[in-house]
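Visitor: here you go, sequence then predicted model.
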Amino acid sequence: MPLCASKDDLLALLPTRTWVGIVGKAVKLGLVRNDEVKEIGRTRKPYSEQEDTLIRRFYKDEISQDEIIEITGRKLGNIRARARKLGLKYYPPKATWEWLDGERRAESESPSRRKCRPR
């Protein structure tokens, strides 16, 4: 039967120690409270193959940022961290331009005066 004591009990048993000191020593010894028993090193659910596939699709611009966040239920920072582990790099799509009048204007003309729109 495991031993268990409340915070107040431990502070009473160790009057010269602070709570932070007690918790720090317990962590070093690998002790956990009964309500904190978890698989060591795992505080979050692991990524599934389906989530990895979605992350790959997100990095290929096949699905939007909002969609991947909604589907996986994970934060964007966590998704990006997983992508780094998968060896993925994000390259934003480059803008391509279509000239409205069908031909390029003289290079001497200011770029801000050119009539163009992104495709």
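Guide: Done, it's in.
Visitor: how is this protein carved up into domains?
Guide: Taking automatic domain parsing as the criterion, the chain consists of the domains 1-43, 45-119.
Visitor: show me the helices in the chain, by range?
Guide: For the chain, the helices defined by DSSP state H cover 7-13, 19-29, 49-59, 65-72, 76-85.
Visitor: these: which one's closest to residue 94?
Guide: Closest of the helices of the chain to residue 94 is helix 49-59, at 15.7 Å (criterion: C-beta to C-beta). (Each C-beta comes from the backbone N, C-alpha and C, glycine too.)
Visitor: buried stuff in that closest one?
Guide: Neighbour counts over helix 49-59 (16 or more other C-beta atoms under 10 Å) mark 51, 54-55, 58-59 as buried.
Visitor: helix or strand with the lowest mean pLDDT in this protein?
Guide: In the chain, no helix or strand scores lower on mean pLDDT, DSSP states H and E than strand 116-118, which sits at a mean of 55.
Visitor: ok, the nearest residue to residue 64 once chain neighbours are set aside - contacts?
Guide: Leaving aside its sequence neighbours, residue 64 sits nearest to residue 58 (C-beta to C-beta, 6 or more residues apart in numbering; 7.9 Å). Residues near residue 58 by C-beta atoms under 8 Å, 6 or more residues apart in numbering: 64-65, 67-68, 79, 83.
Visitor: since that was my last question, I'll sign off now.
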